[in-house]
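A.B. asks: fold the following and give me the result.
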Amino acid sequence: VLTAAGDGSTSFAAVSGGGGSAIFTASGAVTAGEVVVLNANGTVSDTSISTQASASVGTKSDWDAGSTTVNLPKKVHHTSGSNVFHVNVFLSQSNDVSRFLAVTEGSGTLTVQDSEDLVSASGIDHRKTDSVVISDTADKVMGFWELSNTVYYRLATYSGGSYTLGTARSFSEGNYGQRDVFAFDSSTNIMYRILRLGADLKFTTQTLTGDELTSQSSLSSKFGTDVDGGVNINDYGLEVSLVGSTILVVYSNDSDYLTAIAGTISGTSISFGSAVVLSSQALEANSNCTIGIARKSETEAVISYRDASPDDQMLVAISMSGTTITGGTPVEIGDSSASVNVSVTWHEVAGKYVASNEDFYKSFTVGGTTVGTLGNSLTPAATGSSTNTFGRDIVSGSNGQLMGIASGVEFIQIVTFAADVTDADNFVGLAEGAISDGATGSVTMVGGVNSNQSNLTAGSYYSINNDGSLSAGSVSGRTIGRALSSSKILVTSTGTGAS
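C.D. replies: Residues are numbered from 1 along each chain as shown. Here you go, the predicted structure:
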């Protein structure tokens with residue numbers, strides 16, 4: 001129970017009668033602190049996956065059949081209002097074009113419902129276009145581009161099979177970055193714009209009213225460390241992700257190393273922590289080498305990137321506690337024979353991350369800051385004599401689909417990942433000590449504190465993965481407790497809604 005002392009301090013103390021725990025017989029050996037599930041016969045066991053998630057590749061669909069010299073898909077988004085995918089592409093024609101495609105899926109087949117140009121003009125730099133979701137339920141997205149040293153934006157709303165475009169507008173202040181990236185908070189209607197200005201990272205904020213960003217703030221002071229001065233690397237060497245009240249900025253520092261910094265947002269202010277270098281290998285000096293960020297929660301993320309030596313496609317998992325970042329060991333997912341593109345997304349339905357390059361899709365889980373074994377390798381659809389260059393971007397939909405877009409070969413493709421068949425939803429508690437097969441032992445249940453954990457972040461909520469491991473972050477139907485210290489967790493729920 002939580003007790004209060006006379007000085008106002010609080011602490012947890014054990015209660016008599018075994019409150020928050022019970023005695024069970026183990027079916028199979030159970031390790032101290034391990035997640036245990038209740039079997040039909042009343043015994044407990046560790047969590048197991050009886051069937052790995054199945055996956056299938058759908059039919060590819062061309063996203064542009066026009067005569068173009070450069071066809072670069074930039075980002076793909078999903079909104080749940082109409083269950084539609086929004087593909088932001090760049091085309092180099094007589095005029096340069098930044099375009100949104102509205103794509104729906106049925107039985108593995110993709111249909112382009114609408115195609116609308118945000119801008120058509122000469123001199124747009126494809127490396128300085130970006131897009132974000134404005135409203136998930138109202139199917140709104142916004143695109144950004146830079147032309148003649150001015151940054152523009154335009155809102156697109158999808159309804160009834162077609163887009164309605166807002167007015168193309170420019171930002172009021174004259175500063176433009178060598179690279180600008182954007183994150184939008186739909187709960188406050190505030191847009192956060194991260195700019196790379198010379199060797200500095202700075203930000204501004206705006207408030208969305210209708211289709212216009214208003215009340216632009218002044219440029220912030222510099223945050224983080226110096227960024228890379230190499231033009232090619234920095235073209236894509238900056239990305240941002242906002243989940244809840246935590247914003248994550250990933251960039252190439254002045255030594256070309258992958259670097260991350262986290263900040264907490266409050267209205268139009270951001271309080272950043274210290275920058276953390278995530279890899280000791282320099283990033284690949286190629287303008288197509290994108291950085292990808294997948295966020296499972298406010299406290300967990302996976303970053304995809306490509307290093308220069310030995311020229312591999314890589315993943316690295318990080319955990320966040322407030323503005324403090326802890327990075328894991330980078331893991332190779334593709335070798336130097338692969339193209340430059342690599343991307344990653346969190347797949348809510350499958351309960352896994354999925355990484356993609358031009359050769360495969362692979363799913364994996366994360367425990368702490370460790371990337372688990374890569375599995376479920378799928379090959380994208382054949383593209384004739386063209387080289388597969390998948391991995392520009394991927395995103396998961398609401399029904400288990402995963403949209404992937406290709407670079408240069410002009411196609412989009414749907415992939416479906418089903419969930420693992422697991423008994424993790426039968427969670428009953430955490431073993432208080434090791435229990436031998438057939439022996440009895442105590443299990444910490446709702447209301448109890450388990451003291452046999454490790455590497456937890458105090459104050460963070462923890463959820464059960466399909467394999468029974470715990471990950472920081474609140475996940476619907478899987479959140480079971482809150483860490484009191486690095487080794488203790490208060491069990492607050494069975495993870496099924498009961499508490």
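
A.B. asks: quick one: the helices in this structure?
C.D. replies: 231-236 (DSSP state H).

A.B. asks: quick one: least confident helix or strand in it?
C.D. replies: Lowest by mean pLDDT, DSSP states H and E among the helices and strands of the chain is helix 231-236, with a mean of 46.

A.B. asks: correct me, but residue 114 touches residue 164?
C.D. replies: No. At 9.9 Å, residue 114 does not count as touching residue 164 under the criterion of Cβ atoms under 8 Å. Any C-beta I mention is one placed from the backbone N, CA and C, and that applies to glycine too.

A.B. asks: paired strands for the lengthiest strand in the chain, with orientation please.
C.D. replies: If you go by DSSP state E, the chain has its longest strand at strand 109-121. According to DSSP bridges, strand 109-121 forms sheet pairs with strand 96-106 (antiparallel).

A.B. asks: what residues sit buried inside the partner strand?
C.D. replies: Residues 96, 97, 98, 99, 100, 101, 102, 103, 104, 105 are the ones in strand 96-106 that count as buried (16 or more other Cβ atoms under 10 Å).

A.B. asks: now that strand, how far from the chain's geometric center?
C.D. replies: 21 Å (Cα atoms, centre = their mean, to the nearest Å).

A.B. asks: what residue is smack in the middle of this structure?
C.D. replies: residue 294 (1.8 Å; Cα atoms, centre = their mean).

A.B. asks: for that one, what are its contacts?
C.D. replies: Counting by Cβ atoms under 8 Å, 6 or more residues apart in numbering, residue 294 touches 301, 302, 303, 304, 344, 345, 346, 353.

A.B. asks: same question for residue 280.
C.D. replies: Residue 280 touches residue 257, counting by Cβ under 8 Å, 6+ apart.

A.B. asks: okay, now residue 158: neighbour count?
C.D. replies: As a burial measure, residue 158 scores 23 neighbours (other Cβ atoms under 10 Å).

A.B. asks: list the beta-bridge partners for it.
C.D. replies: Applying DSSP bridges, one finds that residue 158 bridges with residue 163.

A.B. asks: next one, pLDDT for it please.
C.D. replies: In this model, residue 158 is scored at 97, pLDDT.

A.B. asks: that one contacts residue 87, doesn't it?
C.D. replies: No. Using Cβ under 8 Å, residue 158 is not in contact with residue 87; the gap is 11.8 Å.

A.B. asks: can you pull out the strands in the stretch 151-300 of the chain?
C.D. replies: Using DSSP state E, counting those that start in this stretch, the strands of the stretch 151-300 of the chain run over 162-165, 169-170, 179-185, 190-197, 200-209, 212-214, 238-243, 246-252, 257-266, 269-272, 276-282, 292-295, 300-306.

A.B. asks: pull out the buried positions in the fifth one.
C.D. replies: Using 16+ other Cβ under 10 Å as the burial criterion, the residues of strand 200-209 that qualify are 200, 201, 202, 203, 204, 205, 206, 207, 208.

A.B. asks: what of the fourth one?
C.D. replies: If you call a residue buried by 16+ other Cβ under 10 Å, then strand 190-197 has these buried ones: 190, 191, 192, 193, 194, 195, 196, 197.

A.B. asks: and for that strand, what's in contact with it?
C.D. replies: Residues outside strand 190-197 that contact it (Cβ under 8 Å, 6+ apart) are 132, 171, 175-185, 201-208, 213, 219, 227, 234, 238, 240, 242, 247, 249, 251, 265, 267-268, 270.

A.B. asks: so how far is residue 133 from residue 91?
C.D. replies: Distance of residue 91 to residue 133, computed by Cβ to Cβ, to the nearest Å: 22 Å.

A.B. asks: of these two, who's got more company?
C.D. replies: residue 91 (22 against 17).

A.B. asks: which residue comes closest to that one once chain neighbours are left out?
C.D. replies: Counting by Cβ to Cβ, 6 or more residues apart in numbering, residue 91 lies nearest to residue 97, which is 4.4 Å off, once chain neighbours are set aside.

A.B. asks: now swap in residue 211 and tell me
C.D. replies: Computed as Cβ to Cβ, 6+ apart, the closest residue to residue 211 that is not its neighbour in sequence is residue 166, at 2.9 Å.

A.B. asks: now do residue 343
C.D. replies: residue 292 (4.3 Å).

A.B. asks: contacting residues for that neighbour?
C.D. replies: Residues near residue 292 by Cβ under 8 Å, 6+ apart: 239, 303, 304, 305, 342, 343, 344, 345, 393.

A.B. asks: surely residue 321 is in contact with residue 297?
C.D. replies: No. Using Cβ under 8 Å, residue 321 is not in contact with residue 297; the gap is 11.9 Å.

A.B. asks: and the residue lying closest to residue 186 once chain neighbours are set aside, what pLDDT?
C.D. replies: In space, and not counting its chain neighbours, residue 186 is closest to residue 135: 6.0 Å by Cβ to Cβ, 6+ apart. As predicted, residue 135 sits at a pLDDT of 96.

A.B. asks: burial check on residue 135, number of neighbours?
C.D. replies: Number of residues near residue 135 (other Cβ under 10 Å) recorded here: 18.

A.B. asks: which one of the contacts of residue 292 is nearest to residue 223?
C.D. replies: Closest approach to residue 223 among those (Cβ to Cβ): residue 239, at 15.2 Å.

A.B. asks: check contacts around that closest one.
C.D. replies: Shown in contact with residue 239 (Cβ under 8 Å, 6+ apart): 181, 249, 250, 251, 290, 291, 292, 293.

A.B. asks: deepest-packed of the strands of the stretch 151-300 of the chain, please.
C.D. replies: Comparing the strands of the stretch 151-300 of the chain by mean neighbour count (mean count of other Cβ atoms under 10 Å), strand 300-306 ranks first with a mean of 27.
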